[in-house]
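Chemist: sequence and computational prediction follow.
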Amino acid sequence: MEKDPGARSFYRKLTAGFTLLELMIVLVLVGITSGFVVGSWRKIHAKIAARSSIETLLVAFHKARSDATAKERRSGVAISEDTSNSFEASGGPRKGVRYLRFVDAPTGIEGFFDDQDTVLQDWTPLEGKVFAYSGSSSGYSNGVASIVFHYDGSTDNDLRLTLGVANFPDSFRLNLLPATGLATLER
């Protein structure tokens, strides 16, 4: 027994494709979902970039300490505000943070970064809109915190920085212990 050819044609028309309304609904749902994904991805990417730049500052301390112990020369890190990098964060205008690595010269001011010192790594800004909420160091001079490591890895100056990231409530504490010269990063 053969089926009715008209019924087969009707069935094909029903299953042949999607209606315009169905396609529009799917496109709207895809658009809304992708909007949430892109917004979340931007926030995650900004947070990763900021965390990475804070960790590069920590690495700069470790490199300076290693340089001082391995090459037996007083090596240090200087930290200051990055006046060329301003942005809005935590309810007001903020300036970024920058650092450089140097070799402390026997001439000039010992234990502080000055014109007599040899620069190993020029001023490097912390990317990701990182700023200092607060900072304290016995090595502050003219708005620059200088940390100089001795041959045994110790330092005369302490450092405590609380770093923030624009548009995020997180803060990071960078501490340097003078006796050992080890720098730690806490969240």
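Modeler: Cool, the structure landed. Residues are numbered from 1 along each chain as shown.
Chemist: who touches stretch 78-89?
Modeler: 57, 93-100, 102, 113, 123, 125-126, 129, 131-132, 135, 143-147, 159, 161, 164-167 (C-beta atoms under 8 Å, 6 or more residues apart in numbering). Using the backbone N, CA and C atoms, a C-beta is placed for each residue, glycine as well.
Chemist: just the buried members of those residues?
Modeler: 57, 94-100, 102, 113, 126, 129, 131-132, 135, 144-147, 159, 161, 164-166 (16 or more other C-beta atoms under 10 Å).
Chemist: pLDDT weak spots in the protein?
Modeler: Applying pLDDT under 70 to the chain picks out residues 1-16.
Chemist: which residue is nearest the middle of it?
Modeler: Ala50 (2.0 Å; C-alpha atoms, centre = their mean).
Chemist: show the contacting residues for the residue lying closest to that one once chain neighbours are set aside.
Modeler: Spatially, and ignoring its direct neighbours in sequence, Ala50 is nearest to Gly128 (3.1 Å; C-beta to C-beta, 6 or more residues apart in numbering). Gly128 makes contacts with Ala46, Lys47, Ala49, Ala50, Arg51, Ser52, Ser53, Val165, as judged by C-beta under 8 Å, 6+ apart.
Chemist: give the contact list for the third one.
Modeler: Ala49 sits next to Glu127, Gly128 when contact means C-beta under 8 Å, 6+ apart.
Chemist: next helix or strand past the strand ranked longest in the chain?
Modeler: Counting residues, the longest strand found in the chain (DSSP state E) is strand 75-89. On the C-terminal side of strand 75-89, the nearest following helix or strand under DSSP states H and E is strand 92-103.
Chemist: so what does that following strand touch, helix or strand wise?
Modeler: helix 20-71, strand 75-89, strand 118-125, strand 130-137, strand 159-165 (3 or more C-beta pairs under 8 Å, 6 or more residues apart in numbering; DSSP states H and E).
Chemist: can I get these in JSON lines with distance to Leu185?
Modeler: JSON lines is the format used below for these (distance: least, C-beta to C-beta, whole Å):
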{"stretch": "helix 20-71", "distance to Leu185": "5"}
{"stretch": "strand 75-89", "distance to Leu185": "14"}
{"stretch": "strand 118-125", "distance to Leu185": "17"}
{"stretch": "strand 130-137", "distance to Leu185": "12"}
{"stretch": "strand 159-165", "distance to Leu185": "9"}
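Chemist: to Thr184, which of the ones you listed lies closest?
Modeler: Comparing the helices and strands packed on strand 92-103 against Thr184 with C-beta to C-beta, the closest turns out to be helix 20-71 (8.2 Å).
Chemist: that closest one versus strand 75-89: what angle between them?
Modeler: Using axes from the mean of the first three to the mean of the last three C-alpha atoms, to 10 degrees, the inter-axis angle of helix 20-71 relative to strand 75-89 is 150 degrees.
Chemist: now helix 20-71: how far from the chain's centre is it?
Modeler: Computed by C-alpha atoms, centre = their mean, to the nearest Å, the chain-centroid distance of helix 20-71 equals 10 Å.
Chemist: many thanks, we can stop here.
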